[in-house]
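S.K.: Any chance you can model this:
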Amino acid sequence: MQKRTYLSKLSILLLVIFLSIPTVTQAATDEKTKISEGVHYEYTNKTISGYPQALRNLVVDLNNPYTTVDVGYPTPLNKLSRTTVQANAYTGPGKQVAGAINGSFFWSSDQNYLPMYLIAYRDRLMNAGIIATGADQYVNKPIAFGIDKNGKGKIEPYNLHLSFNHNGIDYPITSTDKHRSNDNLILYTPLFPKTTTETNALGMELVIENVTGGTALNFGETVTGTITKIRQRNDAQASTIPKDGFVLSAHGEAMQLIKDIGIGETISIKTDIDEQWKGASFMLTSGPELVKNGRVDLGIDPNSSRAKERAPRTAIAIDQTGTKVFMVTVDGRQAGYSKGMNLQEFAEYLVSLGAYQALNLDGGGSTTMAVRKPGDYNVSLYNKPSDGIERIVSTSLFAVSTAPAGTPTTVGATLAKPGVYLKGTKGSIVVDYVMDNYYNPVTFDKKDITVSSPQGLITPNGLSFTAQKAGTGAINVKYNTATSTIPFEVVESIHTVKPSSTSVEVRAGEKKTMTVKAFDSKNREVIFDPSLVTWSASANIGTISAAGVFTAATKDGTGTITATLGGKKVTIPVTITGEYVRADNMDSLDNWSVDYTNASASLSMNDKKEPAFEGSGAVKLSYDFTGTTGTSAAYIVAKKPIKLAGSPAKLSARVYGDAGNTWLRGRIQDAAGKEFTIDFTPENGLKWRGWNYVTATIPAGTTGDLSLKQIYIAQPTDSLKTAGSIMIDDVKAIFNANYKEALFKDTGLTFRAEKEITALVNDGVIAGYADGSFGPYQELTRQQAAILLARALDLPLDNVKDPGFQDMAPTMTFYKEVAAVANAGIIQGKDKGKRFDPNGKLTRAEMAAILQRGFKLPLSDKNHFTDSGGSFAKDAINSLAYNNITQGIGNGKFGPAQNISRADFSVFLHRTLLIKK
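M.R.: Numbers count the residues shown, from 1 in each chain. Take a look at the predicted model:
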């Protein structure tokens, strides 16, 4: 059921100092698949209104004689089950569900998960439901979707006539089988999932038995029964619903309608619907209406929170003829994958598909799209629900194929290894399915499938083959009358050999399997038999087998491994070290998938504007924890656990942080299968922006060789939850507990300010550049100093007062930090406060002044330097000396007019912070 609207925190991606990283716009991707004679599945992922949106559509052609749409409704009425479960339970001979979406809304647990709105099936009223009052409600008008008596899709209003007759007078019945509320007259039927009405003592009830015509409420029919029991007001015992009768339950004003009816009297119950809906195979009410007469026409207040919320959505739509039905979903609440739409955007998208009438269905976490894969009997979940799992729902809508078994026509076959083949290489064909001319799956025996090439490119052996002859052509796969053609090419020789890894790092004595890739003259990868590669290793680094298994020497060293294939050679540098082994360079997503809890998340690779720290790539984890309760987490999961070449002391990684204050952790597994959680940061410790070097100590108690299973971020505190993204690069297993790496590429472990810079980075005060450098000797500007002071002092940035600088506008990046520091009197403006001069270089004297003011350092009566007497910041300079923050530049001088570098300012700021702790 769609969640109530909540106000999400606005996630702001804080920029790395001096570098702006723009939002990535995801290119549109499209997919279209025919899944039955009259049903197509369409998928597109494109940016709409600045947000990525994952959209799916089942297009149902009702002109096809073997295609229809049907509804799955709950039996009993409060039974919830997944759309995929409902669809697969419906599927049977002559009625294959080709695709399905979730249906309409349902009550929560306080009303026993009953459907909220009308459901009718084969001219029988299954649930009368309610119509809400208020323009901000989803279903505030009686509008239904159904398949009418002519087999066409219909989205139209309706008038339900539900009444009882006593002594020739008709009286209206409010609804059926729902919780009775104020002034209601509810008809309880055997469809109600409880044995009694479960009503309180504040009403009156008539038990009706001996019903002629049965208890089915068929449109246009009347049934008659006798009153056998009366429950009076203040009777605490709820009436039992007879299996062959009804209970009329009244409250408030409605009691006046039944108060004079006695035991033994006869009443009749009539159910009817508009003529246009008579004979419909089903009706399902939902809302609001989204499209009317081919135009956006929201049946809800467009300014209401429900209409404006960006969320996953589900809709049903028809074209003007009613012969085409669109079942549409958009995923949401998943950063980097799909944001979700408001109702206006969703309606506009439906119009773009060709919708003439459209009706909103249940959305949020309930949004579900299920599709039958080619050759499958059952449907599978195709969309990505915002909960991370498919929710149980009340009703579903099915795109149904009623086609009979036909003639085998299509074989779903692919190469086990797609690509261009080297002559003499063995390969195989994978057959996934066989379908008939109606797209029904066909049971087959692989032994009855034949493989051939009209051009004689292969020598077949069952589903296996040997590439026999160079040339371009095809492989034909045949089963009975069904065929498939796979484009195929064989090359006589290769042009280039490249290593799978440009370099190799191994521990002393470690075994590692080496592989290479081959390419033809068109730079296409060539499939070849690994046995055709000849391997050799340089002296003193170890040995390598004919199968490419390298065994490193027992001591540190460097050398090369050479691979020869088809007369082409490639050399791979090898480093043997006892200190570390690179677990994964994170240059691809091949071995990584994403998972999440109480969140949404997605994985991607970095782009050109987000440089990797090392190598060609870094894995990017985008997440959204906002609006959730309980611990939220987003995981980078190794599809195959990564072996760590033994039992290291630590794991290390390069992590590009977003200052999200999350908890960076990992999950490892030992040789006994026991799992351990490791911490790269403390709780809320991912405070930095840009690249950082982090390590996690392997806990005691692990046994044997270890493997890495996950790296993840978590946030257990609801008030601290944000959305953002981090990147992970260069994951290493560290075997020397004292091993360290420099934080930035242009500093180093022996750099004079390395300790201070590291501390400020970890506290989120300062950051390096996106390329992994720090720029230690770059001169600091006044704006940059303001940013660092605002962060170090944790100055509030909300509703910050405009100091009125003529050379800075409130829309400028980092304006709030400048304003906060200026308002605090830490950095003063120039020209009597008219200008801030953001790009002006900060002098050592100005540095002293802002540190003394910002941290209220004690002053000194002593003059510590010979060149500071005439400086405006003389007292501040002496204060820094007095507090052991500076010793000057030598020879008794401070150098007040000299510009200060990033490294020097980091040292002074760190020393100041230590004093004030």
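S.K.: For the closest residue in space to residue 744 that isn't next to it in sequence, which residues are in contact?
M.R.: Leaving aside its chain neighbours, residue 744 sits nearest to residue 774 (3.9 Å; criterion: Cβ to Cβ, 6 or more residues apart in numbering). The C-beta positions use only the backbone N, C-alpha and C, and glycine is treated the same way. The neighbourhood of residue 774, defined by Cβ atoms under 8 Å, 6 or more residues apart in numbering, consists of 743-747, 757, 768, 902-903.
S.K.: Pull out the buried residues from the residues you listed.
M.R.: Among the contacts of residue 774, those classed as buried by neighbour count (16 or more other Cβ atoms under 10 Å) are 743-744, 747, 757, 768, 902-903.
S.K.: any idea what the residue nearest to residue 744 is structurally, helix, strand or coil?
M.R.: Secondary structure, DSSP: H, G, I helix; E, B strand; the rest coil: residue 774 is coil.
S.K.: any idea how far it is from residue 653?
M.R.: Residue 774 sits 18 Å away from residue 653, going by Cβ to Cβ, to the nearest Å.
S.K.: hmm, back to that, measure the residue nearest to residue 744 to residue 610 for me?
M.R.: 18 Å.
S.K.: Likewise for residue 466?
M.R.: Going from residue 466 to residue 610 by Cβ to Cβ gives 45 Å.
S.K.: try residue 120
M.R.: 54 Å.
S.K.: Specify which residue of the two has the higher count of neighbours.
M.R.: residue 120 (28 against 18; other Cβ atoms under 10 Å).
S.K.: okay but the more buried one is in contact with residue 281, surely?
M.R.: No - checked against Cβ atoms under 8 Å, the pair residue 120 and residue 281 is beyond contact range at 9.4 Å.
S.K.: so what sits against both of these two?
M.R.: Residues touching both residue 120 and residue 281 by Cβ under 8 Å, 6+ apart: residue 146.
S.K.: any low-confidence regions in this structure?
M.R.: When residues are selected by pLDDT under 70, those of the chain lie in 1-29.
S.K.: what number of residues lie near the closest residue to residue 449 other than its chain neighbours?
M.R.: Excluding its sequence neighbours, the residue lying closest to residue 449 (Cβ to Cβ, 6+ apart) is residue 479, at 4.9 Å. Residue 479: 21 surrounding residues under other Cβ under 10 Å.
S.K.: got a list of what residue 479 touches?
M.R.: By Cβ under 8 Å, 6+ apart, the contact list for residue 479 reads 408, 411, 431, 434, 442, 444, 448-450.
S.K.: Bridged to it, which residues?
M.R.: With DSSP bridges as the criterion, residue 479 is bridged to residue 449, residue 482.
S.K.: measure it to residue 462 for me?
M.R.: 13 Å.
S.K.: which stretches of the stretch 651-800 of the chain form helices?
M.R.: Using DSSP state H, counting those that start in this stretch, the helices of the stretch 651-800 of the chain run over 754-762, 782-792.
S.K.: for those helices, which one ends up most surrounded?
M.R.: helix 782-792 (a mean of 24; mean count of other Cβ atoms under 10 Å).
S.K.: Just the CA atoms of that helix, as CSV, please.
M.R.: Provided in CSV are the C-alpha atoms of helix 782-792 (Å, rounded to 0.1, in the frame of the first residue of the first chain):
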residue,chain,number,x,y,z
ARG,A,782,40.1,34.3,1.8
GLN,A,783,37.1,32.3,0.8
GLN,A,784,38.8,29.0,1.3
ALA,A,785,39.9,30.1,4.7
ALA,A,786,36.3,31.0,5.5
ILE,A,787,35.1,27.6,4.5
LEU,A,788,37.7,25.8,6.7
LEU,A,789,36.9,28.0,9.7
ALA,A,790,33.2,27.5,9.3
ARG,A,791,33.7,23.7,9.3
ALA,A,792,36.3,23.7,12.1
